[in-house]
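Visitor: 3D model of this:
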Amino acid sequence: MPHFIADCSANIRSILAPDRLVEAIHDTADASGLFEPGDIKVRCHFCDEFTVGGTTDDFVHIIAYLLSGRSATAKLHLAKSIIARLMPLLPTVNTLSIDIRDIEREGYANRHSMGVGN
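Guide: Modelled structure (predicted):
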């Protein structure tokens, strides 16, 4: 935890290499100090079929899933930091957004919470 999932128009690959996009999101999340080192997970999905306001303009929308408990201020700072980091890397992409969502701790499980090592 956390998970950052970037949904992108397929053409983003020609603007920015996917590994650089992943790295920018990861490094900005890591620099926030909100997460333990090594816990941040980032992945990208590229869409061939989409519309943005009736157009095929490029887009990047990130959904961030965080375990609940962080303040609204911390989440907004994280969101703005990630967008600020991506803006110079994607200068021609006007639709650049992030949505930070809480995952309730009571309904979350993973290998570690089951008492099984990584």
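Visitor: now the helices for this protein?
Guide: For the chain, applying DSSP state H gives helices covering 12-15, 18-31, 72-86.
Visitor: export these to TSV and append columns for mean neighbour count.
Guide: Every residue, glycine included, has its C-beta placed from N, CA and C. Formatted as TSV, the helices of the chain follow (neighbours: other CB atoms under 10 Å):
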stretch	mean neighbour count
helix 12-15	15
helix 18-31	16
helix 72-86	15
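Visitor: okay, those in CSV with distance to Asp102 and mean pLDDT next?
Guide: Below are the helices of the chain laid out as CSV (distance: least, CB to CB, whole Å; pLDDT from 0 to 100):
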stretch, distance to Asp102, mean pLDDT
helix 12-15, 27, 97
helix 18-31, 15, 98
helix 72-86, 8, 98
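Visitor: adding distance to Asn94, write the ones you listed out as CSV.
Guide: Output for these, formatted as CSV (distance: least, CB to CB, whole Å):
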stretch, distance to Asn94
helix 12-15, 12
helix 18-31, 16
helix 72-86, 12
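Visitor: what's the closest of the ones you listed to Met114?
Guide: Closest to Met114 of the helices of the chain, according to CB to CB: helix 18-31, at 25.0 Å.
Visitor: Thr55 is nearest to which of the helices of the chain?
Guide: Nearest to Thr55 among the helices of the chain is helix 12-15; the distance by CB to CB comes to 15.1 Å.
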